[in-house]
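Colleague: Quick one: sequence plus predicted model below, questions after.
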Amino acid sequence: GGAGTSAAAAAAGLPAVVVPFLAWSDQSSFAAWLVSRSAAVHLPPSSRSAAHFAGAVAAVMGGAPALRRGATALAGELRRSSPAAGEAAVAALDAHFAAAGGGGGGGG
């Protein structure tokens, strides 16, 4: 649910299951953004069970066509606004984490 993971999911045009795990971070904000665009299912701490996770995965795998449409529309919007924005964002995050000694990975 971090910036890099959310950006990668949005750029890919595939619905995501977002499970923020750091209460003090912005992960819930990114989850809310993806959900508001109908591009993700958010699993807050109160919904973290095997049954809820299985339901969320089933939804993004095709059980909720609106998620696929939302994710595809969001990716198209991002590509139209800046074709290389996703790649540039991930590269910047990788460089930041490498400089900070935290390794790469581009997300959270």
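Modeller: Cool, got the structure. Numbers count the residues shown, from 1 in each chain.
Colleague: contacting residues for residue 70?
Modeller: Counting by Cβ atoms under 8 Å, 6 or more residues apart in numbering, residue 70 touches 15, 37-39. (Glycine included, C-beta is placed from N, CA and C.)
Colleague: Then residue 1?
Modeller: Contacts for residue 1 were tallied using Cβ under 8 Å, 6+ apart; they are 18-21, 27-28, 30-31, 108.
Colleague: Return the residues in contact with the residue nearest to it when sequence neighbours are not counted.
Modeller: Leaving out its chain neighbours, the residue that sits closest to residue 1 by Cβ to Cβ, 6 or more residues apart in numbering is residue 27, at 3.5 Å. Counting by Cβ under 8 Å, 6+ apart, residue 27 makes contact with 1-2, 18, 20-21, 108.
Colleague: quick one: which of the residues you listed is nearest residue 50?
Modeller: Distance from residue 50 was checked for each of those by Cβ to Cβ. The minimum falls on residue 21, at 16.4 Å.
Colleague: Just give me the neighbour total for the closest one.
Modeller: Residue 21 has 12 neighbours, counted by other Cβ atoms under 10 Å.
Colleague: And the helices in this structure, which stretches?
Modeller: 3-12, 27-36, 50-58, 65-81, 85-99 (DSSP state H).
Colleague: between those, which gets nearest to residue 43?
Modeller: helix 50-58 (5.7 Å).
Colleague: now what about the closest one, what contacts it?
Modeller: Helix 50-58 is contacted by residues 17, 19, 41, 43 when judged by Cβ under 8 Å, 6+ apart.
Colleague: Can you mark which positions in that helix are buried?
Modeller: 52, 55-56 (16 or more other Cβ atoms under 10 Å).
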